[in-house]
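Let me see the structure of the following:
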Amino acid sequence: MKKAEVRIGGRYYANVTNKRVEIQIDSERPSGGWNATNLATGKKIHIKTAQRLCGEAGRPKGSAKITTASNLTVVENEPAAVITIGGSSEPATKPKRAARKTEGQEPKRLSALSAAYKVLCEATEPMNVQQMFEAMTAKGYWTSPGGKTPHATLYSAILRELAKGEASRFVKTERGRFVAATATAEVAQ
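Got it, this is the predicted structure:
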């Protein structure tokens with residue numbers, strides 16, 4: 001708000017101790033600012049600047065009436081009157097969202113972690129992250145959205161998954177090499 005908009009006796013919203021409360025301006029201070037009363041607690045407070053005030057209390061914020069007639073749309077803030085010029089006086093309604101298709105939808109795109117797991121399930125030997133990344137891209141499971149180091153991101157995601165213990169989909173066989181958890185029995189033999 002601006003200083004010129006603040007009036008003595010007016011009720012406003014203000015931020016007091018990180019909470020939005022309703023206050024009433026009691027008087028102006030000679031040193032600047034205003035003396036006010038917190039209407040929720042009844043305590044006297046000092047408002048130093050008009051920027052602390054968030055607007056008049058009791059006035060709905062952003063309410064408006066919309067009227068559409070022919071090719072003319074009239075938008076007015078409350079409490080202004082709405083004037084309709086020809087046509088219907090029915091208020092405009094929001095267009096409804098189109099329903100999402102359930103038939104013929106393409107399947108969801110795999111995440112990098114899921115694509116890496118799929119590649120490891122199809123692989124016959126342990127792979128490092130660069131090899132997984134190349135296979136994922138070649139088979140079309142996942143492509144990088146343009147990051148500079150997608151292999152490093154994938155590596156850290158696999159390490160986070162390994163921290164889950166038994167619930168992990170990956171097993172680390174040696175430094176930098178991984179296999180799918182379902183394929184560990186086959187690799188061990």
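
Lowest mean pLDDT among the helices and strands, pick that one out for this protein.
Across the helices and strands of the chain, mean confidence by mean pLDDT, DSSP states H and E is lowest for helix 184-188: a mean of 46.

contacting residues around Asn35?
25-29, 44-47 (Cβ atoms under 8 Å, 6 or more residues apart in numbering). Where you see a C-beta, it was placed from the backbone N, CA and C, and this is true even at glycine.

How far away from the center of its chain is the lengthiest helix in the chain?
The longest helix of the chain (DSSP state H) is helix 150-162. Distance of helix 150-162 from its chain centroid, counting by Cα atoms, centre = their mean, to the nearest Å, is 25 Å.

Counting neighbours, show which residues of the next helix or strand after it come out buried.
As assigned by DSSP states H and E, the chain's next helix or strand after helix 150-162 is strand 170-174. By neighbour count with 16 or more other Cβ atoms under 10 Å, strand 170-174 contains the buried residues 170-171.

and strand 170-174, which strands flank it?
strand 177-180 (antiparallel) (DSSP bridges).

in the strand it pairs with, what's buried?
Those would be 178-180, for strand 177-180 by 16+ other Cβ under 10 Å.

Relative to Tyr117, how far out is Thr137?
To Tyr117, Thr137 is 15 Å away according to Cβ to Cβ, to the nearest Å.

higher neighbour count, the two?
Set side by side, Thr137 and Tyr117 show more neighbours around Tyr117, with 22 against 15, by other Cβ atoms under 10 Å.

Okay, that one and Ala135: tell me how far apart.
In terms of Cβ to Cβ, Tyr117 sits 12 Å off from Ala135.

In which helix or strand does Ala116 reside?
With DSSP H and E as the test, Ala116 turns up in helix 112-122.

just Tyr13 next, same as before
Per DSSP H and E: strand 11-16 holds Tyr13.

tell me how far that strand is from the chain's mean position?
27 Å.

Send over it as CSV, restricted to the C-alpha atoms.
Presented in CSV, the C-alpha positions along strand 11-16 are these (Å, rounded to 0.1, in the frame of the first residue of the first chain):
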residue,chain,number,x,y,z
ARG,A,11,-9.0,-1.6,9.2
TYR,A,12,-6.2,-3.3,7.3
TYR,A,13,-4.4,-6.6,7.1
ALA,A,14,-0.8,-6.5,8.2
ASN,A,15,2.1,-8.9,8.7
VAL,A,16,2.8,-9.1,12.5
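
for it, which positions count as buried?
12-14, 16.

Perfect, I'm done here.
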